[in-house]
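J.: quick one: sequence plus predicted model below, questions after.
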Amino acid sequence: MASTGKRNRVMNRSRILRVIWHHPGTSRVDVANRLGLDKSTVSAIVTELIEGGLVREMAEGESSPQGGRRPVQLELNAEYGFVLGVELQPDFFRAVLKDLSGTAIRDWEAERPRDGQEFEPYVLALLTELLAAIPEYQDRLVGIGVAMGGLVNSIRNVIYRSIPMELTEEYDFQTRIAETIGIPVIAENDANACAWGELTAHRGGAVHDFLYVLVQLRGSAGGRHLYGGIGVGIGVAVNGTLYPGSRFTAGEFRSAFWDGQGSGQFTLTDEEAGQVATDPAVRLRLFRELARNVALIINVLNLDHLFIGGDIINYRHELTPVIEEELRRNWPYQTGVECEICYSSYGHRAVVAGAASMMLDRLFSDQIFPLGDIRNRHERGRVLAQLTERGFSLDPVGGS
């Protein structure tokens with residue numbers, strides 16, 4: 001019975017934190033009403049969170065029409081903890097440090113060619129350099145999200161396969177990377193990370209059921225051999241959370257019209273795929289084929305939003321009317337299709353922002369490593385000491 005009571009308290013703590021994260025300025029009474037919990041239970045847990053420094057009282061709200069005491073509004077202490085998001089590409093990386101509110105504190109972006117280096121030492125070197133660059137946040141860093149293209153099971157923290165990262169066999173990211181770094185590090189598919197980014201950007205709002213289509217147009221010499229230089233991944237959000245699929249690999253894409261003419265995901269030959277940026281006619285073929293595939297998914301699932309991200313956002317004025325046309329064409333009724341077409345809330349930094357957002361969402365929903373219980377200064381100090389000896393450094397780009 002005692003263990004059950006403890007589990008319930010941990011669960012209620014996480015649920016209360018999530019409500020405050022979703023709705024800054026909410027009151028104890030509002031939290032109790034939203035969760036169906038007893039007001040005394042909420043008050044006791046909130047008091048603990050305030051004493052621990054994770055939640056703080058921000059102001060007094062308006063009294064109800066019946067009068068009475070003015071409710072005290074609550075918010076997270078955004079600087080209580082920080083998360084690091086990292087995007088891995090074949091020849092460059094991006095990274096961002098965010099506080100618990102999702103505000104970016106520091107950004108990085110730099111070329112980072114593998115040059116034949118194996119995945120593991122490449123990732124470990126990059127992560128440890130990033131850690132060494134933020135010593136002032138070490139004791140408040142609560143997790144790292146790492147996003148890349150490929151088949152990634154973020155629940156098991158396993159990469160089944162990643163063509164961009166040249167992983168052809170199952171890779172235990174948890175054992176090989178996270179346990180080496182000594183703090184929670186979770187791998188995620190890049191399109192799924194983008195979907196997490198939108199869920200976080202619109203948390204507490206009306207965005208619940210959507211498709212996120214990530215289209216990367218890889219023009220570099222190292223990227224053109226991947227799917228003919230065009231990479232498409234899809235993230236699916238249903239009822240306010242990511243849909244992972246039965247084997248946690250939902251979102252893998254190949255056009256329903258694919259005919260084997262090229263190595264990519266569309267009917268374009270590899271030569272044509274390389275002309276997308278320069279040939280409007282080829283680009284229109286790509287957009288039309290993409291739109292027809294996407295329209296089918298949206299209409300079948302009755303999704304209310306479509307988010308588009310990646311390099312393709314440079315052509316939004318060409319792409320939007322094509323998608324609108326195909327949505328109407330695919331819909332068998334006279335009524336219009338009620339799906340809002342949106343572009344990434346984070347622009348070209350959608351993947352890296354999403355990697356950090358995924359970590360934030362996990363922190364406020366899981367009991368695997370609840371906030372306040374996962375700090376390990378000894379481990380971080382050990383890692384940093386090793387890094388300092390090896391002379392790692394990484395200069396931030398932007399941020400503060």
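T.: Sure thing, it's come through.
J.: quick one: the helices in the stretch 201-350 of the chain?
T.: Ranges of helices in the stretch 201-350 of the chain, per DSSP state H, counting those that start in this stretch, are 270-273, 280-301, 316-330, 350-363.
J.: right, and the ones you listed - which one's nearest Phe93?
T.: helix 350-363 (8.4 Å; Cβ to Cβ). C-beta: built from backbone N, CA, C; applies to glycine.
J.: just the C-alphas of the closest one, formatted as CSV.
T.: This file holds the C-alpha atoms of helix 350-363, laid out as CSV (Å, rounded to 0.1, in the frame of the first residue of the first chain):
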residue,chain,number,x,y,z
ALA,A,350,12.8,22.8,-36.6
VAL,A,351,14.7,19.5,-36.0
VAL,A,352,17.1,20.8,-33.3
ALA,A,353,14.3,22.7,-31.6
GLY,A,354,12.2,19.6,-31.7
ALA,A,355,14.9,17.5,-30.2
ALA,A,356,15.0,19.8,-27.1
SER,A,357,11.2,19.9,-27.1
MET,A,358,11.0,16.1,-27.0
MET,A,359,13.1,16.1,-23.9
LEU,A,360,10.9,18.7,-22.3
ASP,A,361,7.8,16.7,-23.0
ARG,A,362,9.3,13.6,-21.6
LEU,A,363,10.4,15.4,-18.4
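J.: if we can go back for a sec, which among the helices of the stretch 201-350 of the chain is found nearest to Ala133?
T.: Nearest to Ala133, of those and by Cβ to Cβ, is helix 350-363 at 15.2 Å.
J.: before we move on, the earlier item: adding mean pLDDT, write the helices of the stretch 201-350 of the chain out as a markdown table.
T.: Listed next are those as a markdown table, based on pLDDT from 0 to 100:
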| stretch | mean pLDDT |
| --- | --- |
| helix 270-273 | 91 |
| helix 280-301 | 97 |
| helix 316-330 | 97 |
| helix 350-363 | 95 |
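J.: closest one to Thr103 among those helices?
T.: helix 350-363 (10.5 Å).
J.: I'd like to know which elements that closest one is packed against.
T.: If you count contacts as 3 or more Cβ pairs under 8 Å, 6 or more residues apart in numbering; DSSP states H and E, helix 350-363 packs onto strand 82-88, strand 92-99, strand 141-148, strand 185-189, helix 190-201, strand 305-310.
J.: highest mean neighbour count out of the helices of the stretch 201-350 of the chain?
T.: Comparing the helices of the stretch 201-350 of the chain by mean neighbour count (mean count of other Cβ atoms under 10 Å), helix 350-363 comes out on top with a mean of 29.
J.: check the offset of it from the chain's centre.
T.: Here helix 350-363 is found 4 Å from its chain centre; the criterion is Cα atoms, centre = their mean, to the nearest Å.
J.: nearest to Thr41, of the helices of the stretch 201-350 of the chain?
T.: Among the helices of the stretch 201-350 of the chain, helix 350-363 sits nearest to Thr41 (Cβ to Cβ), with 21.6 Å.
J.: tilt between the closest one and strand 185-189?
T.: 130 degrees (axes from the mean of the first three to the mean of the last three Cα atoms, to 10 degrees).
J.: does Arg161 touch Gly150 like I think?
T.: Yes: with contact defined as Cβ atoms under 8 Å, Arg161 counts as touching Gly150 (5.6 Å).
J.: so what's in contact with those two at the same time?
T.: Leu167 (Cβ atoms under 8 Å, 6 or more residues apart in numbering).
J.: just to be sure, Arg7 is in a helix?
T.: Yes: checked against DSSP: H, G, I helix; E, B strand; the rest coil, Arg7 lies within a helix.
J.: neighbours of it, how many?
T.: 11 (other Cβ atoms under 10 Å).
J.: and for Gly52?
T.: Quick note: Gly52 (other Cβ under 10 Å) scores 12 neighbours.
J.: one more: Ser365?
T.: Ser365 has 15 nearby residues by other Cβ under 10 Å.
J.: quick one, what contacts it?
T.: Contacts of Ser365 (Cβ under 8 Å, 6+ apart): Ser14, Arg18.
J.: ok, the nearest residue to His202 once chain neighbours are set aside - contacts?
T.: Counting by Cβ to Cβ, 6 or more residues apart in numbering, His202 lies nearest to Ser345, which is 7.7 Å off, once chain neighbours are set aside. By Cβ under 8 Å, 6+ apart, Ser345 lies in contact with Gly197, Glu198, Ala201, His202, Phe307, Ala353.
J.: didn't the first one look like it was pressed against Tyr346?
T.: Yes: the pair Gly197 / Tyr346 is scored as a contact, 5.8 Å apart, by Cβ under 8 Å.
J.: now the common contact residues for those two.
T.: Counting by Cβ under 8 Å, 6+ apart, the residues touching both Gly197 and Tyr346 are Ala353, Gly354.
J.: between the two, point out the one with more neighbours.
T.: Legend: neighbour count by other Cβ under 10 Å for Gly197 and Tyr346, higher for Gly197 (32 against 21).
J.: how much space separates the more buried one from Phe92?
T.: Gly197 is 19 Å from Phe92, where distance means Cβ to Cβ, to the nearest Å.
J.: before we move on, what about Arg13?
T.: Here the criterion is Cβ to Cβ. By it, Arg13 lies 39 Å from Phe92.
J.: neighbour-wise, which of those two wins?
T.: Set Arg13 next to Phe92 and count neighbours by other Cβ under 10 Å: Arg13 wins out with 19 against 15.
J.: and of the contacts of Ser345, the nearest to Leu284?
T.: Among those, and counting by Cβ to Cβ, the member closest to Leu284 is Phe307, at 21.6 Å.
J.: pull the contacting residues for the closest one.
T.: Cys194, Ala195, Glu198, Phe210, Leu211, Tyr212, Val213, Cys342, Tyr343, Ser344, Ser345.
J.: now it: how far from Val215?
T.: For Phe307, the distance to Val215 - Cβ to Cβ - is 12 Å.
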